[in-house]
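Student: Provide a 3D model corresponding to the input given below.
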Amino acid sequence: MIAPPRIRGGVLTGYAVGVACALFPNQLPRTVVVQLVVCLVFGAIGALVGWAVVRRRAVSDGGCRVALYLGSAALVGWVLWQNHLRAAAGADPVGPMAFAALAVAVAAAPVAVAALWPVRARAAAGALAAVAVVAGIAWPATATSAESASYAERFVGIESSSQGVRAYASLADGASPAARAAVAVDRLIAAGGLARRAVVIAVPTGSGWVDPHFVRGVEEAMHGDSAILAVQYTEMPSWQSFVLHRDAAAASTAALIDELHRRAPSTPVRVYGQSLGTVGVLAAQRRAAELHVPIAATLQVGTPAGVAVTGPAQLNASDPVGIWSSRLLVAPPERAASGSGRATPRPPWLPVLSFVQATVDLLGATAPPPGLGHRYDERQGSELVADLVARKGLPAAA
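Tutor: Now for the predicted structure:
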């Protein structure tokens, strides 16, 4: 990274260190555009740190060579790791032109900033960016009432070649977990769901979403002889619910277990949860044990770090949700991959850096196709009812 001599060497070194941190191996394939944005953000942070260190010293370009060597090594290491990761994920490799564009953009950024931006403009832009970031984190990104109501429609409208019974209760159906559970069970009974061989509680994610791949997996494995009920417990994105309203998933699922036990005590129930929904699986197990009633089967999918895994589970090797926690700052992840996702390599662990990379991966964890990141395919549904399929001798779903 060659820059004009007027740029302080410490600033360039800080920029290169920031870029190197951004290029450290991560879990999910990244596009060149996303990686460039990450490099520029981390490079800017590193440059600011470098400027704070050398601002009282004489101007020097002595850091140019260090920045050039460090940045070049980090870029080469990134493309080698990315292409290794992409091969395992079944994605196209980073081509020479894309890699060249990334390298040129990363190298040119500090030169362009130094040439075009006066000090005051840089300070103003930095302050504006900080305000935007803080506002984005603090703003309550909840769903509107119209979006909340549509989750029931999305659930009922999931396409399946062998549709079974589906019952959903949204936040508008009751002011308490018990009230919503009663509505959901009423709808289940009215639709004849208790007569189906597989009765499944699907604990939604924090926003109220139920994975269509799971629904299809259950229904097609059972050839429609299934009933799935779900109850919405918040209208926030899962990450906000996980931080602020984790107990809501537990209370909602425990209320469903209570209601089903009261209305249909002899019905064997299966419980599934993905992401924050896995908290509901644990709550169902606890409540069933208190009532001395068995649960036929459970499945936890994409269980967040810090949530216990107490039975069958699926976790993609590239899912950052399963390893992201403050513990990652000082220790490697403990949770291994499980299930049928793609066998992608786990990156090496380094203190702080691995936590930072996992945090960035979280932002795009639901973007890849099923089998990667925080996305799971129909096998999550078929696994939950696999014992019924084997016992009945049903043909496997196409």
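
Student: rest of the way, CA atoms for contacts and neighbours
Tutor: Noted.

Student: residues touching the residue lying closest to residue 333 once chain neighbours are set aside, list them.
Tutor: Nearest-residue entry for residue 333: residue 323, 5.6 Å, with adjacent residues in sequence omitted and distances by C-alpha to C-alpha, 6 or more residues apart in numbering. Contact partners of residue 323, counting by C-alpha atoms under 8 Å, 6 or more residues apart in numbering, are 304-305, 333-335, 358.

Student: Could you give me the ChimeraX selection string for whichever of these are buried?
Tutor: Restricted to buried positions by 16 or more other C-alpha atoms under 10 Å, the ChimeraX selection for those reads:
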select :304,305,333,358
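
Student: Adding distance to residue 184 and pLDDT, write the contacts of residue 323 out as TSV.
Tutor: Putting these into TSV (distance: C-alpha to C-alpha, whole Å; pLDDT from 0 to 100) gives the following:
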residue	distance to residue 184	pLDDT
304	27	92
305	30	91
333	38	91
334	37	86
335	34	86
358	37	94
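
Student: Contacts only, for the nearest residue to residue 295 once chain neighbours are set aside.
Tutor: Nearest residue to residue 295, sequence neighbours excluded (C-alpha to C-alpha, 6+ apart): residue 269, at 5.4 Å. Taking C-alpha under 8 Å, 6+ apart, we find residue 269 in contact with 198-201, 295-297.

Student: cool, residue 361 as well?
Tutor: Taking C-alpha under 8 Å, 6+ apart as the definition of contact, the neighbours of residue 361 are 26-28, 320.

Student: with these in mind, which one is nearest to residue 106?
Tutor: Proximity of the contacts of residue 361 to residue 106 (C-alpha to C-alpha) peaks at residue 26, which lies at 18.5 Å.

Student: count of residues packed around the closest one?
Tutor: Residue 26 is surrounded by 28 other residues when neighbours are defined as other C-alpha atoms under 10 Å.

Student: going forward, begin numbering at 393 instead of 1
Tutor: Yep, numbering from 393; the last one is residue 418 now.

Student: Quick check: pLDDT value at it.
Tutor: Among the per-residue scores, residue 418 holds a pLDDT of 95.

Student: The longest helix anywhere in the chain: which residues count as buried?
Tutor: Identified as the longest helix of the chain according to DSSP state H is helix 456-481. Buried positions in helix 456-481, judged by neighbour count with 16+ other C-alpha under 10 Å: 456-460, 462-464, 466-467, 470-471, 473-475, 477-478, 481.

Student: next one: stretch 757-770
Tutor: For stretch 757-770, the neighbour count (16+ other C-alpha under 10 Å) marks 757, 760, 762-770 as buried.
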